[in-house]
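Visitor: Here is my input, please return the structure:
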Amino acid sequence: MQLLEGQTAIVTGAGTGMGRAIAALLAADGASVALVGRRREPLEEVAGEIRAQGGTAVVLPADITKGDDVKGLVEAVRRELGPVDLLVNNAGSASIVLNVRWISEEEWAQVLDVNLTAVYLLSQAVLPDMLSRKRGTIITVSSLAAVNPNLLGGAAYGAAKAAAKNFMTYLHNTFRNEGLRAAAILPGETATPILDNRARPPQDSEREAMVQPEDVARAVELVATLPARSVITELSIAPTFQRDTSGDLEISRWMGAPEDERP
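Guide: Below is the predicted model of the structure:
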């Protein structure tokens, strides 16, 4: 019997990177997976790959920062796949301007919306299914930037990921005796498309030594497939080899700075 057979999972940010790898692995473990993201085309590609392997996947594009979209999304999952057993909050967004001196209020809010508000909205929306049946797992992909924030991820990203990690602890402390498992996965530098938005995008040779999307997927799988009696509340996964990021940090410091402030 597959470890997640008969379970329904939602994976956000499922079109690329970590979300794509997580969705494929959960489907291979027997879960019926709702693929969520902003763009339909990459989600359809993932769904096609899952179905070719004999898995079950539905494509549900949505703006997960909007409450009405999230409610409609969860209702659609219930109709097409059944009550939600597993939610993986994977969707993430980082700012272009990384120094808190220069980041705009609009860009700050956008990063918090995707990395924190969406986590709250989705978690709130699936709680009725989980609490009514006294079982369910919510896993949020946070970041090591939550505990060691710096200019690589930026001020808004580190703050949002720390808040999301805190929110998982809140859910654990509040609902554990009602059968809910809540966990935070904290990856270090991971070779995903989000790195293309860095002040200096890492070279291919640098990305090869980073955590890979499939590594994070295996961490999510571990949390999701443990017996219901056990929960991993927090799991960090980092590159074995630490690269020199001093040059990247200096470039990042001046992204978005006015010309008369630059060195």
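
Visitor: hey, let's count contacts and neighbours off CA atoms from now on
Guide: Will do.

Visitor: Shouldn't residue 170 be within a helix?
Guide: Yes: counting by DSSP: H, G, I helix; E, B strand; the rest coil, residue 170 is located in a helix.

Visitor: Quick check, pLDDT for it.
Guide: At residue 170, the pLDDT value in this model is 98.

Visitor: mind listing what it touches?
Guide: Shown here is residue 170, which makes no contacts under the criterion Cα atoms under 8 Å, 6 or more residues apart in numbering.

Visitor: do you know how far it is from residue 42?
Guide: Using Cα to Cα, to the nearest Å, residue 170 is found at 33 Å from residue 42.

Visitor: just residue 54 next, same as before
Guide: Distance of residue 54 to residue 42, computed by Cα to Cα: 19 Å.

Visitor: Who has more neighbours out of these two?
Guide: Neighbour count, other Cα atoms under 10 Å: between residue 54 and residue 42, residue 42 has more, with 17 against 12.

Visitor: how about the residue nearest to the more buried one when sequence neighbours are not counted, what does it touch?
Guide: Nearest residue to residue 42 in three dimensions, chain neighbours excluded: residue 15, at 4.8 Å (Cα to Cα, 6 or more residues apart in numbering). Contacts here follow Cα under 8 Å, 6+ apart; on that basis residue 15 touches 35, 36, 37, 39, 42, 43, 45, 46.

Visitor: which element is residue 15 on?
Guide: Assigned by DSSP states H and E, residue 15 falls within no helix or strand.

Visitor: Looking at it now. What's its pLDDT?
Guide: As predicted, residue 15 sits at a pLDDT of 97.

Visitor: what do you get for residue 1?
Guide: pLDDT, residue 1: 68.

Visitor: cool, and residue 164?
Guide: At residue 164, the pLDDT recorded in the model is 98.

Visitor: my read is it is in a helix, agree?
Guide: Yes: counting by three-state DSSP, residue 164 is located in a helix.

Visitor: measure the residue nearest to it when sequence neighbours are not counted to residue 46 for me?
Guide: Ranked by Cα to Cα, 6+ apart and with sequence neighbours excluded, the top spatial neighbour of residue 164 is residue 116, at 5.5 Å. According to Cα to Cα, residue 116 and residue 46 sit 25 Å apart.

Visitor: before we move on, the earlier item: now do the contacts for the residue nearest to residue 164.
Guide: 160, 161, 163, 164.

Visitor: From those, pick the one nearest residue 213.
Guide: Minimum distance to residue 213 across these is 17.8 Å, recorded for residue 161 (Cα to Cα).

Visitor: quick one: which helix or strand includes that closest one?
Guide: Going by DSSP H and E, residue 161 is in helix 155-175.

Visitor: so how far is that helix off the chain centroid?
Guide: In terms of Cα atoms, centre = their mean, to the nearest Å, the centre of helix 155-175 is found 12 Å from the chain centre.

Visitor: Tell me the buried residues in that helix?
Guide: Of the residues in helix 155-175, 155-165, 167-169, 171-172 count as buried by neighbour count, 16 or more other Cα atoms under 10 Å.
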